[in-house]
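Peer 1: Attaching a predicted model along with its sequence, questions to come.
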Amino acid sequence: MSTSRSVAALDQRRDVVEQLRQRVAAMEHKPAGQPVPTLPGLAGLVPLHAGATYSVDSASLALALAAGASQAGEWVGFAGCPDFGVEAAAELGVELSRTVLVPDPGEHWLEVTAALVDVLRVVVLRPPASVDERAAGILDSRLRTRSAVLVVHGQWPRVEARVSVEETGWTGPGSGTGQLEERRARVVVRRGARPPERADLSWPGVHRLDRQVREIRRVSG
Amino acid sequence: MRVMVVWCPDWSVVAALDEAERSPRSPAAVLSANVVEVCNGPARAEGVRRGQRRRDAQSRCPELVLLPANPDRDARAFEPVLAVVEDLRPGVAALRPGLLAVRAPGSWYGTETDAAATVCQALVESGVWDVRIGIADDLFTAERAARTAEVQAWAVVPEGGSATFLRGLPVHVLQDDGPRGRELVSLLQRLGLRTLGDLADLPGDAVEHRLGTYGAEVRRRARGEDRTLFSARTPPPELDAEVVFEPPLDSVEAITFSVRTTAERLVSQLAHHQLVATGVRVEAESDGVVCSSRTWLHPRHFGARDLVDRVHWQLQSAGSTSGASGALRSRKQTGTVRAPVDRVRFVPEVVEPAAAHGEALWGAASDDLVERGVARVQGMVGFDAVRRPVLQGGRSPGARQALVPWGERAVDLRPVDRPWPGRVPGPAPVRVFASPPAAEVVDDAGREVRVTDRGVVTGEPRRFRVGGGVLPWQPVTAWAGPWPTDEGWWSGGSGPTARFQMVGADGRAWLLVSAPDGWCLEAGYD
């Protein structure tokens, strides 16, 4: 923690004054609604906004959503994930020295999450029990005044977007030969009443595959 | 100037026996590279000598206690002895562990004999049994005088009497100077020079030609012309800080509130010496007895607020009877400590120069904010419920990671950069189960799949299920493996295990382990 600073380095390719102006503008306005950095593969699909809640149904999607912000120099936290895979997180670019884990927050997960939301940029939560409207409302109101994103691995009453894996498959292993190599997944994003948006992602690294590429690969074997 | 030398013979053995909590009277020897380096009186009486091989020493004295050489331990154990002498007379120089020099006290204690008696008594009272003291004009003579003294006795060489005293000593006293001394002794004996007096009588330039600078130096010393002085050490600054409560306090909140000033004083005191503490022992005393003591390590360095937090956590965990981590501790339950605390002490155990931990010019404020927020979470669920993930080396996914309590430094991690043969290749699993659930894996005929001692899989895995029948069977569409390992077989480890990557019908992949006591689901690629 001594070496890493949470102020992100400036992008060398863009105008420095312009970037600083953006930062100052972001600080002056109310925190909700600011864009939060995501991995390039998810940028067009699930743009994250501060103050919003997103729900996912797979641990790797939750990790992928947090990884972008961590890469950009933000602090991230995971609450209620006792099975956090440290090596997978590191491979995805999560900066471990800026990661806070509360593996088992117990019955007070709501208070713990609220306290994490105060200081971290992305908080991944796996609620240990079903969540009612009231409990979600408490967190939502807290989120709106902070500049954090809540990613819920599980069910949540009101969310900005629901990201789920529709179908998935691995390449590599046969019957007793090879090893796990690449994972392809069809991901569907549902936002309110809008029609669901589908995209193909590949792991490791979370890259977006074009439909054509997928077809070509299928044809070529 | 007169010099007093205090000699504690066979110090390595004394220190090692003390650390091993053995009787100082038992025959013992400190070995280095299987050769006796130092032995004590009882061992010498049985015929053990320096330079003997281990088995020779053991054949002379079967009950000999063998101790490993450790110069750090010797120096560490000698530190209290220095402190005792320093209390009586400042300006102590540690020549080596077991041997110290100090300017002989003048007429403060009466005569020099009285001074030697005072020092000797203080040392014996502090628990050092074998003390010998020599007083003379120069360092070399004083050391030789100390070596002629009896146990708990002293030898005083009168002023100007060095040459006379040294004349009668045999040349083999130079053996204490190490290898070059031993070499010179052998040469002098072959030349027929038996005493230091014989050497002193030779002409100076001839000695220098034949025996080199070391020989000339020895001759000068033997004539009592050597005026080598020693540089006294500066006593290390006292860095501990403590606070006394009168009357004793029994509420954690009150104690935490009252230690704040002391913590701030400690930090500013360290800053005055341009130091920061990265490891601090916090001790709480009740009724004069230390009731709670714990060493805390900080990933950066301790500030006053960090110290106050550590006191809070330590006393809170000492007071809570249930000790259930993960549950929010109500103040009523754990607000009181077991016994009223009348003293809290901070002992900085690891201090480092402040320059190594300087803050960056900007950008640290936000990290401080996070530290504060996380400390609040720790206050809710206990300090060890908040973790920091770190990578380490290992073969299974669970062994390749560690969750370190927030605010502590990771210690005893296995190195990552080793090859770790037998580890599972491919991308790392996203979910690593802390307590892997039991699983069953069967082949076409419904028999359990096993892995033989030679790494042969007994059947094709077709289906698997987790949780002993609660969840349905899941077909295996593809599998890879086995990656066999046999860890810790020399200390009764888990026995031979083999890992398999299996892809289920829903397209998700899992890491299953076949161990002697059955299958379990170790990790998921989700």
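Peer 2: Cool, the structure landed. Numbering: from 1, shown residues only, chains lettered A, B, ... in the order given.

Peer 1: Let me see the contact set for residue 177.
Peer 2: If you meant another chain, say so; for now it's chain A. B:Ala480 (CB atoms under 8 Å, 6 or more residues apart in numbering or on different chains). Every C-beta, even on glycine, is put in place using the N, C-alpha and C of the backbone.

Peer 1: sorry, should have said chain B
Peer 2: Counting by CB under 8 Å, 6+ apart, B:Asp177 touches B:Leu184.

Peer 1: Then A:Gly205?
Peer 2: A:Gly41, A:Leu92.

Peer 1: Report the secondary structure state of it.
Peer 2: Following DSSP: H, G, I helix; E, B strand; the rest coil, we place A:Gly205 in the coil state.

Peer 1: helices and strands of chain A: which one has the lowest mean pLDDT?
Peer 2: One helix or strand of chain A scores below all others by mean pLDDT, DSSP states H and E: helix A:211-220, with a mean of 54.

Peer 1: Could you find the closest non-adjacent residue to A:Gly41?
Peer 2: For A:Gly41, ignoring the flanking residues on the chain, the nearest one in space by CB to CB, 6 or more residues apart in numbering or on different chains is A:Val206 at 4.2 Å.

Peer 1: biggest strand in the chain, by residue count?
Peer 2: Since you didn't name a chain, this refers to chain A. In chain A, taking DSSP state E as the definition, the longest strand is strand A:161-171.

Peer 1: ah, I was thinking of chain B
Peer 2: Of all the segments of type strand in chain B, defined by DSSP E, the longest one is strand B:336-353.

Peer 1: does it come close to chain A?
Peer 2: No - using CB under 8 Å from any CB of the partner chain, strand B:336-353 stays clear of chain A, coming no nearer than 11.7 Å.

Peer 1: Buried ones in that strand, by neighbour count?
Peer 2: B:336-337, B:339-348, B:350-351 (16 or more other CB atoms under 10 Å in any protein chain shown).

Peer 1: my guess is B:Val85 meets B:Cys120, correct?
Peer 2: No - using CB atoms under 8 Å, B:Val85 is not in contact with B:Cys120; the gap is 10.5 Å.

Peer 1: Next up, identify which helix or strand A:Gln19 is on.
Peer 2: Element membership for A:Gln19 (DSSP states H and E) is helix A:16-28.

Peer 1: that older thread, counting by contacts, list what the longest strand of chain A packs against.
Peer 2: When contacts are defined as 3 or more CB pairs under 8 Å, 6 or more residues apart in numbering or on different chains; DSSP states H and E, strand A:161-171 packs onto strand A:53-56, helix A:59-71, strand A:182-190.

Peer 1: CSV for the ones you listed, including mean neighbour count?
Peer 2: Output for the helices and strands packed on strand A:161-171, formatted as CSV (neighbours: other CB atoms under 10 Å in any protein chain shown):
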stretch, mean neighbour count
strand A:53-56, 23
helix A:59-71, 25
strand A:182-190, 19
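
Peer 1: of all those, which lies closest to B:Gly204?
Peer 2: Shortest distance between B:Gly204 and the helices and strands packed on strand A:161-171, using CB to CB, is found for helix A:59-71: 75.4 Å.

Peer 1: and that closest one with strand A:182-190, angle?
Peer 2: Relative orientation of helix A:59-71 and strand A:182-190, computed by axes from the mean of the first three to the mean of the last three CA atoms, to 10 degrees: 90 degrees.

Peer 1: Strand partners (parallel or antiparallel) of the very next helix or strand once past helix A:59-71?
Peer 2: Next helix or strand after helix A:59-71 toward the C-terminus (DSSP H and E): strand A:76-79. Sheet partners assigned to strand A:76-79 using DSSP bridges are listed as strand A:99-102 (parallel), strand A:122-125 (parallel).
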